[in-house]
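Enquirer: Generate a structure from the sequence data that follows.
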Amino acid sequence: MLSDYRCNVIKTNVLAENEAKIRDFINLATLNEIANFKEQITEITDAVVKQYESTANNYLEERFKHYKNELINYLSERFHIAFVNQTKRLIPLSQKFFRNDLEKALKESIIKIFSYKKKLYI
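Expert: Numbers count the residues shown, from 1 in each chain. From the prediction side, this is the model:
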């Protein structure tokens, strides 16, 4: 019972201590493209989890792991918003690349067709 309570309190405190960092990152990811997105999320998540582990690791292992998993799941849910915003930025860029490649292939195809027809009529 004590392990359950303490691990939950530690998890809550760790989240509260890191809330500003998490919120700032999510806001930044919502407004801007982040080149090293995965590395930054991993860095924040690892720091938060290590902070939890360093304090809660002395409690009953089952409860420790349970709240550690809750912490990781919570962070994943929070960062999902940032991930979606980052991928939304990639869709128009990908469409532009596909469109350019398609136009290039189409032009090359037209040139080949006309050069072939020209050979037929000569």
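Enquirer: Summarise which helices and strands the lengthiest helix in the chain is packed against.
Expert: Using DSSP state H, we find that the single longest helix of the chain is helix 61-121. Secondary structure elements in contact with helix 61-121, counted by 3 or more C-beta pairs under 8 Å, 6 or more residues apart in numbering; DSSP states H and E, are helix 2-31, helix 37-56. The way it works is simple: take the backbone N, C-alpha and C, and place the C-beta from them, glycine included.
Enquirer: With mean pLDDT and mean neighbour count added, can I get the ones you listed in CSV?
Expert: Compiled in CSV, the helices and strands packed on helix 61-121 are given as follows (pLDDT from 0 to 100; neighbours: other C-beta atoms under 10 Å):
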stretch, mean pLDDT, mean neighbour count
helix 2-31, 93, 15
helix 37-56, 95, 15
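Enquirer: Make CSV out of the ones you listed and add distance to residue 80.
Expert: Shown next, in CSV, are the helices and strands packed on helix 61-121 (distance: least, C-beta to C-beta, whole Å):
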stretch, distance to residue 80
helix 2-31, 10
helix 37-56, 10
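Enquirer: Compare those and give me the one nearest residue 75.
Expert: helix 37-56 (5.2 Å; C-beta to C-beta).
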